[in-house]
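Colleague: What follows is a predicted protein model with its sequence.
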Amino acid sequence: MTTETTKIPATVITGFLGAGKTTLIRNLLATANGRRIALIINEFGDMGVDGEVLKGCGEETCSEDDIVELTNGCICCTVADDFVPTMQKLLERDRRIDHIVIETSGLALPQPLVAAFNWPQIRERVTVDGVVTVVDAHAVAAGRFADDEDKVAAQRAEDTSLDHDNPLEELFEDQLISADMIVLNKSDLVDEAALEAMERDVAGHVARAVKLVRAANGSLPADVLLGLDSATETEIANRKSHHEMEHENGEGHAHDEFDSFVVGAGAVADAKAVAAKLKPIIEKHDVLRLKGFVEVTNKPMRLLVQAVGNRIDTYFDREWREGEARGSQLVVIGLAGLDKAAIENELAAVLT
């Protein structure tokens, strides 16, 4: 419990699209043991899904009033405009806060966000308890964040002027570099030998001691994730991202390598068929992340869709609220150059 002279601890939960950050936070809230937790949820796109999922987290630990959503932008790029004012509003509230948890966009660089805790408006009242980076072990094992080295070498041999920077790999490394704890999530989907090799590889990206833990379905209690006492804001200058090392002049970080848009549609007749119909669209267009809510005809509950690559989960999460606008809305995220018109048409054909 905090007092007026004790800084409020804040935990930054980062990790790539679909790594399991929201599920990890749900488990954290379920095991908070009476801590009053405020959440700041940031999403890359115009529609908030993760905040909606977390709003059923329970009145005792975290009411809906304790959840702040920041959409249509990446928090690492909007520190001054969005994050600092949001923190100031939280700190000015009468309701006691024991801990602040910040879920970054899957495309965020944690470094500028953590550095913002050194701003005069924040540093006297809040400290970064730790940065927790969530890793999708299954995606890493499948090679999602690494280039085919032989293919890259062949391309370079043909044209030495080609730029072969891999935005997924660089972002993955930046999120690891920032961490005080690394969670290998979805470890139940990877065999032991692959996990051990992954642990060695992940540790090799971080030039210091860092806690490394395994998890299945984000199932880690609050007592593991909170209380790291890292004061990361005092150390973050030594954990520079690729962008910071390449742009020492302070040039702003952009997300030109990625596209995001929302597709809206009507109701579907068969909830069980949704995943099967979405899979070929995701594979055809190499969609990195697809998530949102689908209306099912004659069903009182909404269908939650969560897709990471071609791995798709669907389940009914809650009933539609009285007066709530129904319909289907899905957020699509991928590398720049997505064929938006084609994806919109194909999704619209599925969501009918």
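Modeller: On my side now, so go ahead.

Colleague: so how many other residues sit close to the residue lying closest to residue 125 once chain neighbours are set aside?
Modeller: Using Cβ to Cβ, 6 or more residues apart in numbering and skipping the chain neighbours, the partner closest in space to residue 125 is residue 91 (5.5 Å). For the C-beta atoms, the positions are set from N, CA and C on the backbone; glycine is no exception. Number of residues near residue 91 (other Cβ atoms under 10 Å) recorded here: 16.

Colleague: helix/strand/coil for residue 91?
Modeller: State at residue 91, reduced to three classes by DSSP: H, G, I helix; E, B strand; the rest coil: helix.

Colleague: Helix, strand, or coil at the nearest residue to residue 97 once chain neighbours are set aside?
Modeller: Using Cβ to Cβ, 6+ apart and skipping the chain neighbours, the partner closest in space to residue 97 is residue 38 (4.9 Å). Judged by three-state DSSP, the three-state class of residue 38 is strand.

Colleague: ok, now how distant is residue 38 from residue 215?
Modeller: Using Cβ to Cβ, to the nearest Å, residue 38 is found at 23 Å from residue 215.

Colleague: Quick check: what element follows the worst-scoring helix or strand of the chain on mean pLDDT along the chain?
Modeller: Using mean pLDDT, DSSP states H and E, helix 149-158 stands out as the lowest-scoring helix or strand of the chain, at a mean of 42. Counting by DSSP states H and E, the element after helix 149-158 in chain order, helix or strand, is helix 167-177.

Colleague: for that following helix, packing partners?
Modeller: If contacts are counted by 3 or more Cβ pairs under 8 Å, 6 or more residues apart in numbering; DSSP states H and E, helix 167-177 sits against helix 110-115, strand 126-136, helix 242-246.

Colleague: Tell me the gap between that helix and the middle of its chain.
Modeller: 13 Å (Cα atoms, centre = their mean, to the nearest Å).

Colleague: got a list of what the residue nearest to residue 125 touches?
Modeller: Contacts for residue 91 (Cβ atoms under 8 Å, 6 or more residues apart in numbering) come out as 8, 122, 125-126.

Colleague: I'd like the distance between it and residue 85.
Modeller: Residue 91 sits 11 Å away from residue 85, going by Cβ to Cβ.

Colleague: And the helices in the stretch 1-150 of the chain?
Modeller: Using DSSP state H, counting those that start in this stretch, the helices of the stretch 1-150 of the chain run over 21-30, 50-54, 84-92, 110-115, 120-123, 137-141, 149-158.

Colleague: At which residues are the helices of the stretch 201-350 of the chain located?
Modeller: Shown for the stretch 201-350 of the chain, the helices assigned by DSSP H, counting those that start in this stretch span residues 222-225, 242-246, 274-285, 340-350.

Colleague: ranking those helices by burial, who's on top?
Modeller: helix 222-225 (a mean of 18; mean count of other Cβ atoms under 10 Å).

Colleague: Find me the pLDDT at residue 4, would you?
Modeller: With respect to pLDDT, residue 4 scores 45.

Colleague: before we move on, the earlier item: adding mean pLDDT and distance to residue 205, write the helices and strands packed on helix 167-177 out as CSV.
Modeller: Shown next, in CSV, are the helices and strands packed on helix 167-177 (pLDDT from 0 to 100; distance: least, Cβ to Cβ, whole Å):
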stretch, mean pLDDT, distance to residue 205
helix 110-115, 87, 14
strand 126-136, 95, 10
helix 242-246, 70, 12
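
Colleague: Just say which of those is most tucked in.
Modeller: Sort those by mean neighbour count, taking mean count of other Cβ under 10 Å, and strand 126-136 sits at the top with a mean of 26.

Colleague: Counting by contacts, list what that one packs against.
Modeller: Strand 126-136 packs on strand 8-15, helix 21-30, helix 110-115, helix 167-177, strand 181-185, going by 3+ Cβ pairs under 8 Å, 6+ apart.

Colleague: re earlier: if I read this right, the residue nearest to residue 97 contacts residue 96, doesn't it?
Modeller: No: with contact defined as Cβ atoms under 8 Å, residue 38 does not reach residue 96; the gap is 10.1 Å.

Colleague: So those two - more neighbours on which side?
Modeller: Taking neighbours as other Cβ under 10 Å, residue 38 and residue 96 compare with residue 38 leading, 24 against 10.

Colleague: measure residue 258 to residue 333 for me?
Modeller: Separation of residue 258 from residue 333 (Cβ to Cβ): 7 Å.
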